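> I'll drop the sequence and a predicted model, then ask my questions.
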Amino acid sequence: GAVVSQHPSWVICKSGTSVKIECRSLDFQATTMFWYRQFPKQSLMLMATSNEGSKATYEQGVEKDKFLINHASLTLSTLTVTSAHPEDSSFYICSAQKQGNEQYFGPGTRLTVT
Amino acid sequence: GEDVEQSLFLSVREGDSSVINCTYTDSSSTYLYWYKQEPGAGLQLLTYIFSNMDMKQDQRLTVLLNKKDKHLSLRIADTQTGDSAIYFCAENEGNTPLVFGKGTRLSVIA
């Protein structure tokens, strides 16, 4: 199998606080994980590529100081939304790349900032 | 840049076949994927095809690839209400991020 989990599945936080989202590959090692953001009824927008043991590569327009990514092990990547604001409310989905280039997605985390 | 296009909506009757189409522009695409997204959930990899193949069948799913026209399709045989979801076509060159289409919303009418 190839299972990817995310935690939490949903979170509500107050404006100005920070939120950490975890992405884990449960039954395989992933040297590369990707973080996507999905707005309602829209496709996924790639935010950053996370490689184990190195700095994440951010897509143009994504603030690296606002969306902190850490890929500390071959099975865990975290995305921290710092000083969250209502416009950061979205569905955040991670994917983990298995050997053979298949990407498996987590179930997503719905963030609501009030 | 790369672009992946899909029609936005498809409606079929239960028991009929569904065909979801996708076109892409990147001639370097090596892998082409179909993902399924149910409401409020992440993406589930349904199937993928290498660019050197022209067909792949997996139970009720058949993927056809016309590399010359850069056209990919997903056929779901005997469509069921549980198949109602958004289907995303995606491509990459291997160890690169996926480029997604906007998704096709499949509605199955009982």
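On my side now, so go ahead.

> just for chain A, where's the confidence low?
Scanning chain A with the threshold set as pLDDT under 70 gives A:1, A:100-101.

> for it, which residues are neighbours of chain B?
For chain A, the contact set with chain B under Cβ under 8 Å from any Cβ of the partner chain comprises A:2, A:4, A:6, A:32, A:34, A:42-44, A:46, A:49, A:93, A:95, A:97, A:101-108, A:110. All C-beta spots, glycine's among them, are computed from the backbone N, C-alpha and C.

> buried among those? Need that as a selection in ChimeraX.
This is how ChimeraX selects the buried members of the residues of chain A next to chain B, with burial counted by 16 or more other Cβ atoms under 10 Å in any protein chain shown:
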select /A:2,4,6,32,34,43,44,46,49,93,95,97,101,103,104,105,106,107,108
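
> in strands, which of the residues of chain A next to chain B fall?
When these are checked against strands (DSSP state E), the matches are A:4, A:6, A:32, A:34, A:44, A:46, A:49, A:93, A:95, A:97, A:103-105, A:110.

> which bits of chain B sit near chain A?
B:30-31, B:33, B:35, B:40-45, B:48, B:88, B:92, B:94-95, B:97-98, B:100-103.

> if we use 7 Å, what do you get?
Residues of chain B lying near chain A by Cβ under 7 Å from any Cβ of the partner chain: B:31, B:41-43, B:45, B:48, B:88, B:94-95, B:97-98, B:100-103.

> show me these that map onto strands.
B:31, B:43, B:45, B:48, B:88, B:100.

> most surrounded residue in those?
Highest neighbour count within these, by other Cβ atoms under 10 Å in any protein chain shown: residue B:43, with 30 neighbours.

> sorry, back to before: and which of the ones in strands among the residues of chain A next to chain B is nearest residue B:17?
Nearest to residue B:17 among these, counting by Cβ to Cβ, is residue A:105 at 26.1 Å.

> beta partners of that closest one?
residue A:95 (DSSP bridges).

> same thing with residue A:76?
Beta-bridge partners, per DSSP bridges, of residue A:76: residue A:24, residue A:73.

> the nearest residue to residue A:54 once chain neighbours are set aside: which element?
Excluding its sequence neighbours, the residue lying closest to residue A:54 (Cβ to Cβ, 6 or more residues apart in numbering or on different chains) is residue A:71, at 7.7 Å. Assigned by DSSP states H and E, residue A:71 belongs to strand A:67-73.
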